[in-house]
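With the input below, show me the fold.
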Amino acid sequence: MSVRRVSGSVAARPSAGLAPVLAVVTILVATACGPARDPGAPRASDRSPVTTPVASPWRTVGDSRSFEPVLARNGAVVVSRVDPEVMLVGGSVPQASLVLLDPDGTTRVLADDAAYGTAPAFSPDGTQLAFVTERAIDVLDVAGGGRTPIVRCDPPGCTGLGAPAWSPDGTQLAFVSARAGGAGLWTVPARGGEPRLLTERQIRGAPAWSPDGATIAVISGRVQLIDARSGEVAAQVALPGGVRGGAVAWTPDARALVVTARIDGVEGLWVVAIDGSAPPRLLSGCPDPGCTDVGPVMAPDGRSVLFTRARCELAGGDCSTGDLFVVPIEGGSARPFDEGPSLDCCAAWQPRPQS
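Just a heads-up that it's a prediction; the model follows:
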């Protein structure tokens with residue numbers, strides 16, 4: 001692994017078209033920014049949120065006591081969930097439900113109109129959840145259920161919208177979008193306002209703010225660290241074999257990233273030192289060739305990593321969904337966090353609200 005420091009400004013490159021921004025945006029062109037709908041039908045942002053405490057219709061969470069050692073130090077987990085039977089019907093890409101898995105083992109559906117295949121994001125204080133809907137990024141009050149659209153995405157001025165990420169101070173959201181003004185990484189005030197194009201480039205997956213808020217990690221061919229103020233590339237992390245998946249997670253000390261990569265012929269979740277001071281360390285790898293460990297999410301206490309074990313053979317699956325697993329950041333055996341039969345991905349872990 002090598003790290004290359006980059007100085008100077010990033011030259012703005014003319015866009016070859018807004019559609020091919022990133023893998024997740026390509027998917028979401030048909031969902032978050034999909035074809036025109038019946039003008040009489042309600043928009044996603046106009047619907048009443050689904051906040052009634054109900055059990056998931058597709059999954060029964062296992063014995064909550066088996067999750068207690070991890071969840072006791074952290075808050076709830078929200079996962080993007082799709083019914084396999086809906087996927088098997090075919091046709092248009094479905095919307096997903098955001099299902100909250102509470103530390104006491106109960107479940108609650110927070111929304112039923114999330115864009116398929118994108119991760120929600122908790123605010124630093126754990127009280128709000130940002131996620132992509134049909135044509136917007138909404139912010140939802142986790143306790144009360146009220147929703148506010150923060151960023152709109154209406155064709156033809158916007159043709160793609162990716163998963164949001166909160167800045168550590170809670171004042172901004174970063175997201176990837178193909179919209180008037182450029183295709184690349186954008187930021188917007190968390191309370192709403194005019195989006196700002198931070199850097200124009202092809203980006204795959206969700207951005208990830210560093211713990212100090214100084215840089216934003218993205219996957220653009222390789223892992224790049226973008227200066228959160230200037231938009232310049234502060235560093236590039238080259239991984240032999242390339243980066244897989246579309247998500248990265250920072251370790252609490254900001255010295256390393258957890259990414260899905262293939263190194264020395266082994267694909268899995270790797271802990272990669274930013275400065276190259278230590279060799280990459282394999283954190284978790286799927287035990288058979290039919291699955292891949294993707295979508296790493298750092299626990300709020302920094303002791304564990306939550307991820308999706310994506311399987312290609314699942315009925316209705318697309319090789320990006322599966323079940324949630326958790327593994328200690330220092331290493332050890334990965335163990336199931338939830339269990340089938342629904343198609344899950346793209347989890348978010350809630351910091352415990354300040355009392």
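
ok, the residue lying closest to residue 180 once chain neighbours are set aside - how many residues close by?
Distances taken as C-beta to C-beta, 6 or more residues apart in numbering put residue 157 closest to residue 180, at 4.5 Å, once the chain neighbours are dropped. Every residue, glycine included, has its C-beta placed from N, CA and C. Residues lying near residue 157 (other C-beta atoms under 10 Å) number 12.

Please report how far residue 157 lies from residue 135.
According to C-beta to C-beta, to the nearest Å, residue 157 and residue 135 sit 11 Å apart.

which residues touch residue 292?
With contact set as C-beta atoms under 8 Å, 6 or more residues apart in numbering, residue 292 has these partners: 244-245, 260, 267-268, 286, 309-310, 319.

secondary structure element for it?
For residue 292, the host element (DSSP states H and E) is strand 291-298.

Residue 86 too?
In this assignment (DSSP H and E), residue 86 forms part of helix 84-89.

Give the next helix or strand downstream of the strand holding residue 292.
For strand 291-298, the succeeding helix or strand toward the C-terminus, using DSSP H and E, is strand 304-311.

Now do that next one against strand 291-298, angle only.
Here the directions of strand 304-311 and strand 291-298 differ by 150 degrees (axes from the mean of the first three to the mean of the last three C-alpha atoms, to 10 degrees).

just the CA coordinates of the helix or strand just after strand 304-311, formatted as CSV?
Under the assignment DSSP H and E, the closest C-terminal helix or strand after strand 304-311 is strand 322-328. Provided in CSV are the C-alpha atoms of strand 322-328 (Å, rounded to 0.1, in the frame of the first residue of the first chain):
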residue,chain,number,x,y,z
GLY,A,322,-27.5,-9.8,2.9
ASP,A,323,-27.2,-9.9,6.7
LEU,A,324,-25.5,-7.7,9.2
PHE,A,325,-22.3,-8.9,11.0
VAL,A,326,-20.1,-7.3,13.7
VAL,A,327,-16.4,-7.7,14.3
PRO,A,328,-14.1,-6.2,17.0
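
The helix or strand following strand 322-328 - contacts with which helices or strands?
Once strand 322-328 ends, the next helix or strand along the chain (criterion: DSSP H and E) is strand 335-336. Here strand 335-336 touches strand 322-328, going by 3 or more C-beta pairs under 8 Å, 6 or more residues apart in numbering; DSSP states H and E.

Which strands or helices does the strand it packs on pack on?
strand 281-284, strand 304-311, strand 335-336, strand 343-349.

Pick the most buried one from those.
When you average the neighbours per residue for each of the helices and strands packed on strand 322-328 (mean count of other C-beta atoms under 10 Å), strand 343-349 leads with a mean of 26.

ok, and what's touching that one?
Outside strand 343-349, the residues that touch it by C-beta under 8 Å, 6+ apart are 59, 74-75, 77-84, 87, 117-122, 129, 163, 247, 294-295, 297-300, 306-308, 310, 314, 316-317, 320-324, 338.

change it to 6 Å
74, 77-82, 84, 119-122, 295, 297, 299-300, 306, 308, 317, 320-321, 324 (C-beta atoms under 6 Å, 6 or more residues apart in numbering).

Now the buried members of these.
The neighbour count (16 or more other C-beta atoms under 10 Å) marks 74, 77-82, 84, 119-122, 295, 297, 299-300, 306, 308, 317, 320-321, 324 as buried among the contacts of strand 343-349.

on that earlier part again, report the inter-axis angle for whatever helix or strand comes next after the helix holding residue 86 versus strand 343-349.
Downstream of helix 84-89, the next assigned helix or strand under DSSP H and E is strand 95-101. For strand 95-101 against strand 343-349, the angle by the same axes, to 10 degrees is 50 degrees.

buried stuff in the next helix or strand after strand 95-101?
Proceeding N to C from strand 95-101, the next assigned helix or strand is strand 107-115, under DSSP H and E. Judged by neighbour count using 16+ other C-beta under 10 Å, the buried positions of strand 107-115 are 107-111, 113-115.

so for strand 107-115, what's the average pLDDT?
Throughout strand 107-115, pLDDT has a mean value of 92.

Pairing partners for the helix or strand just after that strand, with directions?
For strand 107-115, the following helix or strand on the C-terminal side (DSSP H and E) is strand 121-122. Next to strand 121-122 in the sheet, as set by DSSP bridges, lie strand 128-132 (antiparallel).

Parallel or antiparallel, which strands does the next helix or strand after the partner strand pair with?
Proceeding N to C from strand 128-132, the next assigned helix or strand is strand 136-141, under DSSP H and E. Paired strands of strand 136-141, with direction, are strand 128-132 (antiparallel), strand 147-152 (antiparallel) (DSSP bridges).
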